[in-house]
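[1] Would you be able to build a 3D model of this:
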Amino acid sequence: MNLATQPAILSTTPETISKIKVIEEKIRARKQIEFATEHVFHAGMYSRTVRIPAGVLFTNVLIKCPTLLIIHGEIAVSVTENEWIEFNGYNVCPGSAGRKQIYMTLSDVEMTMIFPTNAKTVEEAEAEFTDEVDMLLSRSQENDIVRTCLE
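    Below is the predicted model:
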């Protein structure tokens, strides 16, 4: 996929979100993988990076603000109830507010989400991008890495 044809990840319909939540409950009933979430605050921007191994099926929380999503690796992403996009290599994708997806890693994958914010803490930034903060693994795992860059 070249940059001129690279798709955006658009808002998810309420009907599709309901169906994803059913799948999400089944995924959450299983043992969750351990991983670090790397948080960076710099120049009025917040980024969070996760590294997910190959062969993992997961969902994201409902994202309520527009972001950039950088995906590095091979991954299939649900964009509608019946449509998936496969990303390979390095991709910078605009992501709309109101999106929730199912992901399947086909290789080890690095994903970074970035958005402008006035937040000063991870908790403030997380509450800004989702109302589902209690579902974030960064809230239940003790292996976050936080960097604040001063100008």
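
[2] looking at the chain, which helix or strand is least sure?
    Lowest by mean pLDDT, DSSP states H and E among the helices and strands of the chain is helix 137-140, with a mean of 70.

[3] who does Ile70 bridge with?
    Ile70 has these beta-bridge partners by DSSP bridges: Val92, Thr112.

[4] Give me the pLDDT value at the residue most central in space within the chain.
    By CA atoms, centre = their mean, the chain has its centre lying nearest to Asn60, at 5.5 Å. Here, the pLDDT recorded for Asn60 equals 94.

[5] With Ala119 instead?
    So Ala119 comes in at 94 (pLDDT).

[6] cool, Lys64 as well?
    At Lys64, pLDDT is 97.

[7] List the contacts of it.
    97-98, 129-131 (CB atoms under 8 Å, 6 or more residues apart in numbering). Quick note: C-beta positions are derived from backbone N, CA and C, even for glycine.

[8] what's the answer for Gly73, then?
    By CB under 8 Å, 6+ apart, the neighbours of Gly73 are 87-89, 105-110.

[9] So which bits of stretch 92-105 are buried?
    If you call a residue buried by 16 or more other CB atoms under 10 Å, then stretch 92-105 has these buried ones: 93, 95, 98-105.

[10] If you average the pLDDT over that stretch, what comes out?
    Stretch 92-105 comes out with an average pLDDT of 96.
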